[in-house]
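Visitor: Have a look at this prediction, sequence included:
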Amino acid sequence: MPLNEIIEPSDNRIFEINISIQTDAGGESFTVSINSPLDVDIIRLDDTRALIESAAEPYPYRSGIISIAEDNTEESFMSYPNPFRPGAENANIRFYLSSAAGVNLDIYDLIGRKVITLLDGERLDGGILHRIAWDGRNSSGKTVISGVYYAVLKVNNEKFMIKIAVLR
């Protein structure tokens, strides 16, 4: 990408910026310019990683403008906010796929009962970070009770699991 290239909202390319910062960089700096804070969500993953994602619906891609995150499914699989409050917010479940794959995403309660299926073998594109929202409802449309739930992601023959806390 040329220096100072303008990315138009109708642009359907995905841009990934990898930045290494050394403590002895000697005053070197870099700039990432975003026109409006309303255009992006910035999620801190940990002390060394953050995710910057498009918050605006007009963009034609699912993953967002910029992501600074792990480029593998296991490390990128997360939910935020966690805990979350159904009715006031959604749990945003995110994961990266390196290549296109059939994906299952289910939510289970603590004793292993399936609460809801969010993805049922859908084929998703690779090379991007996917975001799936769960509103805290079960398959009958009722809001689940407070507690810990498990999001189980199956990609090809691999299975990944994270905890999601629900507060009402």
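Guide: That came through, no problem.

Visitor: Every contact and neighbour count from this point should use C-alpha atoms.
Guide: Fine.

Visitor: residue ranges for the strands of this protein, please.
Guide: All strands of the chain, identified by DSSP state E, fall at 40-44, 50-54, 66-68, 78-80, 91-97, 101-108, 114-124, 128-134, 147-155, 158-166.

Visitor: same for the fifth one, what does it pack against?
Guide: Using 3 or more CA pairs under 8 Å, 6 or more residues apart in numbering; DSSP states H and E as the contact criterion, the elements in contact with strand 91-97 are helix 73-76, strand 78-80, strand 128-134.

Visitor: One more: the longest one?
Guide: Applying 3+ CA pairs under 8 Å, 6+ apart, we find strand 114-124 packed against strand 101-108.

Visitor: Least confident of the strands of the chain, on average?
Guide: Sorting these by mean pLDDT places strand 66-68 lowest, at a mean of 41.

Visitor: Would you map out the domains in this structure?
Guide: 1-69, 71-166 (automatic domain parsing).

Visitor: still on that earlier bit, of all the strands of the chain, which one is nearest Gly141?
Guide: Between Gly141 and those, the tightest spacing by CA to CA is seen for strand 114-124, at 9.3 Å.

Visitor: Alpha carbons of the closest one, in PDB - could you do that?
Guide: Extracted C-alpha coordinates of strand 114-124, given in PDB (Å, rounded to 0.1, in the frame of the first residue of the first chain):
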ATOM      1  CA  LYS A 114     -26.600 -26.800  24.300                       C
ATOM      2  CA  VAL A 115     -28.100 -23.400  24.800                       C
ATOM      3  CA  ILE A 116     -28.000 -22.100  21.200                       C
ATOM      4  CA  THR A 117     -26.300 -22.700  17.900                       C
ATOM      5  CA  LEU A 118     -24.900 -19.500  16.400                       C
ATOM      6  CA  LEU A 119     -23.200 -21.100  13.300                       C
ATOM      7  CA  ASP A 120     -24.200 -24.500  11.900                       C
ATOM      8  CA  GLY A 121     -21.600 -25.500   9.400                       C
ATOM      9  CA  GLU A 122     -21.500 -22.200   7.600                       C
ATOM     10  CA  ARG A 123     -18.600 -21.700   5.200                       C
ATOM     11  CA  LEU A 124     -16.700 -18.600   6.200                       C
END
